[in-house]
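Asker: Sequence and predicted structure below; questions after.
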Amino acid sequence: MARFQYLALLGLCLAGTLPLELLLGVRVWRRPARLARSVLPVALAFCVYDVLAIGAGWWDYDPRFVTGWKVGFGLPIEELAFFLVIPVCAILTIEAVRVRLRRR
Amino acid sequence: MHGYTLSALVACGAVIGLELAVLRTGLLRRRTLWIAFLIILFFQVIVDGWLTKLSAPIVIYGRRHLSGARFPWDIPVEDFLFGWAMCTLALLLWERQPDASDVDPEPRPVFRRRSSSLDR
């Protein structure tokens, strides 16, 4: 189970920010085209960065805590997931700040 | 040479350059962005702190490719530059695409709490 730790952490990020959409009512997940256009280019750019960095030996992953599944070019699936999940959470955050500031 | 350090600085510069020259959203001048970034930073310290803790790191860094400065906990300072570049780029791209919601920005909770302070 330890090898799912990184993925589980990302899952927690998604679960933890879900109330912003469902309870606070920001419309981020409900604007999927805009979300995709914001997140996918970033994910692509950073995946490239990551593949190059791994290749250059800048960083690596403890095999105990990752699944070992790669999406190609040596990129762990966890990293792709990270570059998708974190930008989504960032966008949810800024929209939540907007909602709260508007109400004050 | 500290490859990660330099590339993280370059990434931040590139994002700023992209905003100034191409995207021009003005978002970097707005309080909303910086408040959001403080919140993101808080959670980054928790998440990244867990990923990089030297007791059992999930991400392992090659020592000669970073400055070696780690704060708080075992988080390489470069991670904050990297994270800022990544999140800010996504936020700028989001900001760049106005849609009808920007005219009618009312939040729409899917689930309403019984006595929500959000209800008017």
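Answerer: Good, I have the coordinates.

Asker: Identify the residue nearest the geometric centre of chain A.
Answerer: Chain A has A:Val85 as the residue nearest its centroid, 1.7 Å off, counting by C-alpha atoms, centre = their mean.

Asker: From what I see, that residue and A:Ala15 are in contact.
Answerer: No - look at A:Val85 against A:Ala15 with C-beta atoms under 8 Å: they stay out of range, at 10.6 Å. From N, CA and C alone the C-beta is placed, and that goes for glycine too.

Asker: which SSE is the residue nearest to the centre of chain A in?
Answerer: helix A:77-103 (DSSP states H and E).

Asker: Which other helices and strands does that helix contact?
Answerer: On a contact count with 3 or more C-beta pairs under 8 Å, 6 or more residues apart in numbering or on different chains; DSSP states H and E, helix A:77-103 meets helix A:5-22, helix A:32-56, helix B:31-52, helix B:77-96.

Asker: what does the average pLDDT come to for that helix?
Answerer: Average pLDDT, helix A:77-103: 94.

Asker: Any buried residues in stretch B:52-72, and which?
Answerer: B:52, B:57-59, B:61, B:65-66, B:70 (16 or more other C-beta atoms under 10 Å in any protein chain shown).

Asker: Could you measure from B:Pro90 over to chain A?
Answerer: One correction, residue B:90 is Ala, not Pro. Separation of B:Ala90 from chain A (C-beta to the nearest C-beta, to the nearest Å): 3 Å.

Asker: Residue 99: what's it in contact with?
Answerer: Going with chain A. A:24-26, B:107 (C-beta atoms under 8 Å, 6 or more residues apart in numbering or on different chains).

Asker: meant chain B actually
Answerer: Contacts of B:Asp99 (C-beta under 8 Å, 6+ apart): A:31, A:34.

Asker: Try it again at 6 Å.
Answerer: Shown in contact with B:Asp99 (C-beta atoms under 6 Å, 6 or more residues apart in numbering or on different chains): A:Arg34.

Asker: Any regions of chain A where pLDDT drops low?
Answerer: Chain A contains residues with pLDDT under 70 at A:103-104.

Asker: Sorry, slip of the keys, the one I care about is chain B.
Answerer: For chain B (pLDDT under 70), the answer is B:1, B:100-105, B:113-120.

Asker: Within range of chain A, give me the residues from it.
Answerer: B:3-4, B:32, B:35-36, B:39-40, B:58-62, B:65, B:86-87, B:89-91, B:93-94, B:97, B:99, B:101, B:107-111 (C-beta under 6 Å from any C-beta of the partner chain).
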